[in-house]
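Participant: Have a look; sequence and predicted model below, questions after that.
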Amino acid sequence: MPDLDAFAFSKRPGYDEAATRAAFAQAVPLRTVVIYCYDPRAVGIPAAVAAAMDEIYPGDIVTDAAGNKVASTATIFPVIVAGGRAQDALRSVTVAQHLFGIERVVVVHHSHCGATSFTAEGIVTAFAAEHGRNIATAYPRASLCIGDYNESLAHDVALLRAAPGTPPHVDIFGYFYEIDGDRLTLIVEDRA
């Protein structure tokens, strides 16, 4: 097994957690976390959010004199999860705040999403039948699928606001993205 400690900041000689955290915040001008679906058709979502919010995405990679990739100009960090559901992104929001400080979180659900093709009960039942595993209590039912876009976005924005790992100062937005027209529509807004 290769020794990969040389690639871990915390394993470097003289490691200082506070200084490393400050360096991260300086190297990456992150302002907005964008949570969206892993559907390849949804790839335009971060750029659409950047355009709507005067952000930078994908930005440029910044290198040092030795050619090492040390920073980025992007102000948006994408978090890509099934259905773009916030439940699966909560830890990422907390880590983004800890390392970079954030101003907003945007959750986006898109048209013709696979998460609209099943119900919470349907996936639980099918998983048990097909795999012999009971996932009935593994995930909150309200976050398993999308039955109504307005409700799912309102749920996810409220979930993010109530989560202890979401900083109270951030603004939270819920958008609907129409895949075929690349249209982004604000559905829910919760400003700090």
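Facilitator: Sure, I can see it.
Participant: count of neighbours near residue 141?
Facilitator: Neighbour count of residue 141, defined by other C-beta atoms under 10 Å: 13. For every residue, glycine as well, the C-beta is placed using N, CA and C.
Participant: model confidence over the longest helix along the chain, on average?
Facilitator: What stands out as the longest helix in the chain, according to DSSP state H, is helix 149-162. Average pLDDT, helix 149-162: 99.
Participant: For it, enumerate the helices and strands it packs against.
Facilitator: helix 90-100, strand 104-110, strand 171-178, strand 183-190 (3 or more C-beta pairs under 8 Å, 6 or more residues apart in numbering; DSSP states H and E).
Participant: and the angle for the last one with strand 171-178?
Facilitator: This means strand 183-190. If you take axes from the mean of the first three to the mean of the last three C-alpha atoms, to 10 degrees, strand 183-190 sits at 150 degrees to strand 171-178.
Participant: buried stuff in strand 183-190?
Facilitator: For strand 183-190, the neighbour count (16 or more other C-beta atoms under 10 Å) marks 184, 187, 188 as buried.
Participant: Relative to that strand, what are the paired strands and their orientations?
Facilitator: In the sheet, strand 183-190 lines up against strand 171-178 (antiparallel) (DSSP bridges).
Participant: Pull the partner strand out as CSV, backbone CA atoms only.
Facilitator: Taking Å, rounded to 0.1, in the frame of the first residue of the first chain, the C-alpha atoms of strand 171-178 are listed here in CSV:
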residue,chain,number,x,y,z
ASP,A,171,-28.9,33.1,2.7
ILE,A,172,-30.5,29.9,1.3
PHE,A,173,-32.3,29.7,-2.0
GLY,A,174,-34.3,26.9,-3.7
TYR,A,175,-34.3,27.0,-7.5
PHE,A,176,-36.0,24.9,-10.2
TYR,A,177,-33.9,24.3,-13.4
GLU,A,178,-35.6,23.5,-16.6
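Participant: circling back: can you put the buried residues of strand 183-190 in CSV and add distance to residue 145 and pLDDT?
Facilitator: CSV is the format used below for the buried residues of strand 183-190 (distance: C-beta to C-beta, whole Å; pLDDT from 0 to 100):
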residue, distance to residue 145, pLDDT
184, 22, 98
187, 17, 99
188, 18, 99
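Participant: of all these, which comes closest to residue 119?
Facilitator: residue 187 (21.3 Å; C-beta to C-beta).
Participant: wait, what's in contact with the closest one?
Facilitator: When the contact criterion is C-beta atoms under 8 Å, 6 or more residues apart in numbering, the partners of residue 187 are 149, 150, 153, 154, 174, 175, 176.
Participant: Can you tell me how far the fifth one is from residue 133?
Facilitator: In other words, residue 174. 31 Å (C-beta to C-beta, to the nearest Å).
Participant: Cool, thanks, signing off.
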